[in-house]
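Novice: With the sequence up front, the predicted model follows.
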Amino acid sequence: MTRRELLTRTAGLAAATLAQPLVETLSGAAPLEPATRRTPVLARYEELQFGVSYHFSMNTFTGDDYETGKVPASTYNPTKLDVQQWIRVAKELGARYAVLTAKHMSGFCLWDSEGYDYDVAASGNKTDVVVEFMAACKEYGLEPGFYYCILDPHNEGKFDWDSPVPDGYYKLIKHHLTELHTRYRTPFYQLLDITWKISSDQRWELYRLIKSLSPDCIVVMNQAFYQSKRNLGRISEPASWPTDVINGEDTLPAPEGHDPHIKVGDKTYYLPMEAWMPTGPPYKPMPPMHSWFWREGFKTQDPEVIAGNYRVCKQRKSNFLLNLSPDTSGRLPDEAVQALQQVAKLIRK
């Protein structure tokens, strides 16, 4: 299949999906917009309270959190990939949901995407990580979710944080999300990152596409680091709308606690908060932020700090999403596992 045929087919599939009747969900019909009240789906999300994410992709093998996808697919080559270990550690930590970086900004996909040549099928280790992740979550009883980055220099042809995505790449985004939500049933959660690069109409289209395929899925449009530091979850940034949850990147909730009743335009919505905190050391190219991906010299933050963040989130009525960073072997390193065991002891006191 050529790239042109792929994009034509994707556009048709997305249009057909969006035209389908809405299916029943925990809260009735699949929502066309974020909730104005605490629905059963949102209540379930809030009750889970503690999740983990995994940053593992081409970036792990180049040592660059901002890997742009210029290296060949064969660069990705975990030698002892063990996704079950990732989830087992999360279960022992007390996490109840898990989020996988299915595609980061390098454009590299952790699954074999149809008609696409920058993914695990073309790499040094052809294991479908999404398959392994979904199976491990099922075995250990964690709700699974995906992360997908809109910024993608590999597919955009340049590294630009702010320029609108080209039409051809936007069609590819829909193709990828359609695959993730039809081939791997059924994700509980979908995080989209760097959403200001697509228009409001495109964000609404992606929101409704995901809901049409996975009606009970929590859709989160990340607010990003500086925006999160500015608003502390008190508002939804316009470029991160629509969203079911306010995401605070490397940012804890406001001191007064999170109030989920948030006004957007002339309506008030029920938007829980999630503090998404990395466990890595400061990232030298951007010192205010901590590292998301493992690299040489990576050292996990002090367990007291991580456990303290957990407690703050519970006190301030926010979910806590803790990022973990597998190394080039494809496992969480012993140093990180030992630190997380200490975290587990601290948060159970």
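Specialist: Perfect, I can see it now.

Novice: The residue positioned nearest the centre of the chain bridge partners, please.
Specialist: Against the mean C-alpha coordinate of the chain, by Cα atoms, centre = their mean, the closest residue is residue 147 at 2.5 Å. Counting by DSSP bridges, residue 147 is bridged to residue 101, residue 191.

Novice: need the contact list for it.
Specialist: Applying Cβ atoms under 8 Å, 6 or more residues apart in numbering to residue 147 gives the contacts 53, 99-104, 191, 193. In short, each C-beta sits where N, CA and C put it, glycine included.

Novice: Try it again at 10 Å.
Specialist: When contacts are counted by Cβ atoms under 10 Å, 6 or more residues apart in numbering, residue 147 touches 53-55, 57, 99-104, 189-193, 220, 222, 276, 323.

Novice: do residue 283 as well
Specialist: 65-66, 250, 289-293, 295.

Novice: Nearest spatial neighbour of it, chain-adjacent residues omitted?
Specialist: Leaving aside its chain neighbours, residue 283 sits nearest to residue 291 (4.6 Å; criterion: Cβ to Cβ, 6 or more residues apart in numbering).

Novice: separation between that neighbour and residue 162?
Specialist: To residue 162, residue 291 is 23 Å away according to Cβ to Cβ, to the nearest Å.

Novice: So those two - more neighbours on which side?
Specialist: residue 291 (24 against 8; other Cβ atoms under 10 Å).

Novice: Stretch 118-126 - what's its average pLDDT?
Specialist: Averaged over stretch 118-126, pLDDT sits at 98.

Novice: how far out from the middle of the chain is that stretch?
Specialist: Computed by Cα atoms, centre = their mean, to the nearest Å, the chain-centroid distance of stretch 118-126 equals 21 Å.

Novice: Regarding stretch 286-298, how distant is the last residue from the first?
Specialist: 15 Å (Cα to Cα, to the nearest Å).

Novice: returning to that earlier point: distance of the residue nearest to the centre of the chain relative to residue 238?
Specialist: Distance, residue 147 to residue 238, using Cβ to Cβ: 22 Å.

Novice: sorry, back to before: arrange the contacts of residue 283 in a markdown table, one row each, with pLDDT and distance to residue 316 as further columns.
Specialist: Formatted as a markdown table, the contacts of residue 283 follow (pLDDT from 0 to 100; distance: Cβ to Cβ, whole Å):
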| residue | pLDDT | distance to residue 316 |
| --- | --- | --- |
| 65 | 95 | 27 |
| 66 | 95 | 30 |
| 250 | 96 | 16 |
| 289 | 85 | 21 |
| 290 | 92 | 20 |
| 291 | 94 | 25 |
| 292 | 97 | 23 |
| 293 | 97 | 28 |
| 295 | 94 | 31 |
